[in-house]
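Colleague: have a look at this fold, sequence not included:
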């Protein structure tokens, strides 16, 4: 706010002694490295220097999972444009850039695999040729999950009508406004290295780097200072971070790497290039009785750490039925490896496309069956809780039908229909679209365990990572102020504010008496970080448990002094009060005496006011209904979002302003995914969208005001009552917009089945009179069944 | 090869020696130590590096430092007085939850300050048009617009200028 923030690049700017690093990256999509020549006056390193460094490995225990290693620097093979091959250092960023230019790399090009369909072709080149030959998967298929209920085929055979849609999405980038960065400071006196990094999970980053370098974790301290947005893209371990720590230790110097925007597009993780072929079996009344799908995700060249490249296909496999009652289910979900930038989680992961698939299915089914599109959703939404999904997920108390009804009411459909009719008579095309979804949030270890299926022996156990719990430590100092140390790592979500509120409520303190300490492995307990809309649910629950335990101790101390039982004491406004009397004592006095007159502590209680809280829930589901109203110009293909409504149920709102901020920001990223943003490769596998002039995030001019209504369902699945809200906006918005554009373009017989729906695509679809669908690579063959 | 350069930043004089290729943003951050000016793209699109050069908003990543020779530069560090109070634009961002990660914030603060100082009676449409110069990835812009409008009211109340809704469109 005042320019006093502390981002990683700022630490480098203030360090006169730091060396600046620059990576030399592959310019070809697939090839064999013949030679890398670093000029003698340049300090630089290649894979040959890093022989003792282990590659990054992340695995799931599933028979259909293919494990591959990600080297820190490419050794003999390069597998995507942008893959790091060498790292050079110099006194300034500009000199490092000059030095990198002088590194000569010779690469023998090999055939590249540039789309999922090409990867699945019978004669496709093999991206990873070190996969064991006896692996059951087809070549280039690295995850192949299937969930089938016993009577799925029978349900389809008996169905009144089978409705089919194929939806797909282009590649997307989370594009945090601050690209990635690392500053590794080597301390000669202790031999320790402190890494400041743009990380959403500093503890896991430390584990990952320590494993690669073969050092005790204590030799490394990882700090995530101010982080300029993450959206998932900063939870994945960066090869560059490992390299920077290695270089700092090798040179015994401070070394910084500040990623450029171009590098961020090339190598800072992609996401969501997916195709869903979905069939829905419906009764004549519009009841969805079975769902069948074949899902293919283009995962790029390597496996992301820690969540693995199973993250997109397996989420789609487990959660496709969303908020709908689907008795029978037959879904296959594959992830294939290609010669493109690896995928990693981005806000919503697969769910924006899952929701696109189901919500387009609902609209198409409503039209084919002659049923109102709100009615068909209302009929199929889960309304009795807890509900067990066909994949075994338990949907806890939620408000699917209520949020749909509220959104439909806000949308005033009669009024809209009248406006739409008038507009059409004037040659203008308005449309409205709905999107209902369940956002699985706050899932701890049990949900993460379920992604693996036990098989064989635990020989690869060292690489298996099962995130989940959060642990916090709350401590009161002699002045009565509290620190809360958390393993989660906020980066713009206002988590510290929200957690301080939780603690204040339990201890009767004011927010200025609580300080939340996060994002420093030296100062916080081990935890997983901030991702998957989980922090408020899990870290919030842990904070509540810890604060309740500390409050109980304070009530005991107060009861000893004031008389009565601990249960008669209430903590409010900084005082412990004996209920029904005027007796009270300041909490600060209790705190001071606990430390400074410890010989008087009742029951010889220890001279500390400290509690630990651990929370590891199985998860909950937030839910919402989005409605988009659009006007489409059929002459230009331009889409104007004229209204956007959100009826959201995020459970209890700990801090309403922060919740609304998450929804608004999420919806705008959803709008970006639906209309504007796309990463494009050319036919040689070279990324062409490497600047913000090619990849187009919306500005204030492209976004509507977002109207939000809240429903607050109380669910026993979350301790604080909060359900998590980080991803919902991005999950629901694309489908609502696709449905709205399809509604607007009904007179042209054009439906939207591929995103982003750019003006060019909309124009082409109108001109050619076909649906807006996946652009195919000319050489692509059909995806085999 | 370096060249001497004199800058006046937030009222302070800086006598620097910089390479001619050094951008104003790098000079501010690395030579003046003013790291409140952020770099989000280094090609002039995101606007995080916006500073006021002789009162005009400029992209500090697109201007060479030597082009600012003798100029008066105002960065985010120079908006508020050197005490605990905030500039009205900063206060409005605080009051309206106008930032989440904070990375784009300095650019928006300087952009809005520079624009409102020149155009105190701008209407909302004009203000939105100017705000579309910069990118924010967290907030969805709603609260930034609210903050800009609130800041305008405060600044006009302090200076006695006409409120926006009475200004000619």
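Modeller: Yes, it's here. Keep in mind it's a predicted model, so treat the numbers as computed, not measured.
Colleague: for whichever residue of the stretch 201-350 of chain A sits closest to chain B, give me its contacts.
Modeller: Nearest to chain B in the stretch 201-350 of chain A, going by Cβ to the nearest Cβ, is residue A:228, at a distance of 3.0 Å. (Each C-beta comes from the backbone N, C-alpha and C, glycine too.) Taking Cβ atoms under 8 Å, 6 or more residues apart in numbering or on different chains as the definition of contact, the neighbours of residue A:228 are A:7, A:176-178, A:198, A:491-492, B:38, B:40, B:101-104.
Colleague: try it again at 7 Å.
Modeller: When contacts are counted by Cβ atoms under 7 Å, 6 or more residues apart in numbering or on different chains, residue A:228 touches A:7, A:176-178, B:101, B:103.
Colleague: now do the same for it: helix, strand or coil?
Modeller: coil (DSSP: H, G, I helix; E, B strand; the rest coil).
Colleague: around chain B, which positions in chain A sit nearby?
Modeller: Along chain A, the residues adjacent to chain B under the rule Cβ under 7 Å from any Cβ of the partner chain are A:1-5, A:7, A:9-10, A:13-14, A:94, A:175-178, A:226-229, A:260-261, A:491-493, A:657, A:661, A:664-665, A:667-668, A:691-693, A:697, A:699-701, A:703, A:705-706.
Colleague: now chain A against chain B: closest residue?
Modeller: In chain A, the residue that lies nearest chain B is residue A:3 (2.0 Å; Cβ to the nearest Cβ).
Colleague: from residue B:29, how far out is the closest residue to that residue other than its chain neighbours?
Modeller: The shortest distance from residue A:3 to any non-neighbouring residue, by Cβ to Cβ, 6 or more residues apart in numbering or on different chains, is to residue B:36 (2.0 Å). To residue B:29, residue B:36 is 9 Å away according to Cβ to Cβ, to the nearest Å.
Colleague: neighbours around residue 115, how many?
Modeller: All of this is about chain A. A total of 26 residues lie near residue A:115 under the criterion other Cβ atoms under 10 Å in any protein chain shown.
Colleague: wrong chain, I was asking about chain B
Modeller: As a burial measure, the neighbour count of residue B:115 was computed by other Cβ under 10 Å and equals 23.
Colleague: over to residue A:555?
Modeller: Residue A:555 sits with 20 neighbouring residues when counted by other Cβ under 10 Å.
Colleague: that one - that's part of a strand, no?
Modeller: No: with three-state DSSP as the criterion, residue A:555 is assigned helix and is not in a strand.
Colleague: surely it and residue A:566 touch.
Modeller: Yes: Residue A:555 lies in contact with residue A:566 (Cβ atoms under 7 Å); the separation is 4.0 Å.
Colleague: give me the nearest residue to the residue of the stretch 201-350 of chain A closest to chain B, chain neighbours excluded.
Modeller: Nearest-residue entry for residue A:228: residue A:178, 2.5 Å, with adjacent residues in sequence omitted and distances by Cβ to Cβ, 6+ apart.
Colleague: give me the secondary structure label for that neighbour.
Modeller: In terms of secondary structure, residue A:178 is coil; the call rests on three-state DSSP.
Colleague: any idea how far it is from residue B:38?
Modeller: Taking Cβ to Cβ as the criterion, residue A:178 is separated from residue B:38 by 7 Å.
Colleague: repeat for residue A:539
Modeller: When distances are taken as Cβ to Cβ, residue A:539 and residue B:38 turn out to be 27 Å apart.
Colleague: when those two are compared, which one has more neighbours?
Modeller: Neighbour count, other Cβ under 10 Å: between residue A:539 and residue B:38, residue A:539 has more, with 34 against 29.
Colleague: A strand includes that one, no?
Modeller: No: the assignment for residue A:539 is helix, going by three-state DSSP, so no strand is present there.
Colleague: what pLDDT does it get?
Modeller: At residue A:539 the predicted local distance difference test score is 89.
Colleague: just the one 3 residues further on next, same as before
Modeller: The predicted local distance difference test score for residue A:542 is 94.
Colleague: wait, it sits on residue A:612?
Modeller: No: using Cβ under 7 Å, residue A:542 is not in contact with residue A:612; the gap is 8.6 Å.
Colleague: who touches both of these two?
Modeller: Listed contacts common to residue A:542 and residue A:612 are residue A:471; contacts here mean Cβ under 7 Å, 6+ apart.
Colleague: so for the two, which sits in the more crowded spot?
Modeller: Here residue A:542 and residue A:612 are set side by side on neighbour count (other Cβ under 10 Å), and the busier one is residue A:542, at 32 against 16.
Colleague: so how far is the helix or strand where that one lies from its chain's centroid?
Modeller: Element membership for residue A:542 (DSSP states H and E) is helix A:535-562. Average the C-alpha atoms of helix A:535-562, do the same for its chain, and the two points are 31 Å apart (Cα atoms, centre = their mean, to the nearest Å).
Colleague: mind listing what's buried in the least confident helix or strand in chain A by mean pLDDT?
Modeller: Sorted by mean pLDDT, DSSP states H and E, the helices and strands of chain A end with helix A:445-449, the least confident at a mean of 79. If you call a residue buried by 16 or more other Cβ atoms under 10 Å in any protein chain shown, then helix A:445-449 has these buried ones: A:447-448.
Colleague: residues contacting the spatially most central residue of chain B?
Modeller: Ranked by distance to the mean C-alpha position of chain B (Cα atoms, centre = their mean), the top residue is residue B:110 at 1.4 Å. Applying Cβ under 7 Å, 6+ apart, we find residue B:110 in contact with B:50-52, B:57, B:74-76.
Colleague: among those, name the ones in strands.
Modeller: B:50-52, B:57, B:74 (DSSP state E).
Colleague: of these, grab the buried ones for ChimeraX.
Modeller: Here is the ChimeraX command that picks out the buried ones among the ones in strands among the contacts of residue B:110, judged by 16+ other Cβ under 10 Å:
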select /B:50,51,52,57,74
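Colleague: in JSON lines, list the ones in strands among the contacts of residue B:110 along with pLDDT and distance to chain A.
Modeller: Below are those laid out as JSON lines (pLDDT from 0 to 100; distance: Cβ to the nearest Cβ, whole Å):
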{"residue": "B:50", "pLDDT": "98", "distance to chain A": "12"}
{"residue": "B:51", "pLDDT": "98", "distance to chain A": "10"}
{"residue": "B:52", "pLDDT": "98", "distance to chain A": "13"}
{"residue": "B:57", "pLDDT": "97", "distance to chain A": "15"}
{"residue": "B:74", "pLDDT": "98", "distance to chain A": "11"}
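Colleague: before we move on, the earlier item: looking at the contacts of residue A:228, which is nearest residue A:75?
Modeller: Within the contacts of residue A:228, proximity to residue A:75 (Cβ to Cβ) peaks at residue A:176, which comes in at 29.6 Å.
Colleague: residues near the closest one, how many?
Modeller: Using other Cβ under 10 Å, residue A:176 has 25 neighbouring residues.
Colleague: other SSEs contacting the top helix by length along chain B?
Modeller: In chain B, with assignment by DSSP state H, the single longest helix is helix B:142-159. Under the contact criterion of 3 or more Cβ pairs under 7 Å, 6 or more residues apart in numbering or on different chains; DSSP states H and E, the helices and strands touching helix B:142-159 comprise helix B:88-95, helix B:105-118, helix B:124-131.
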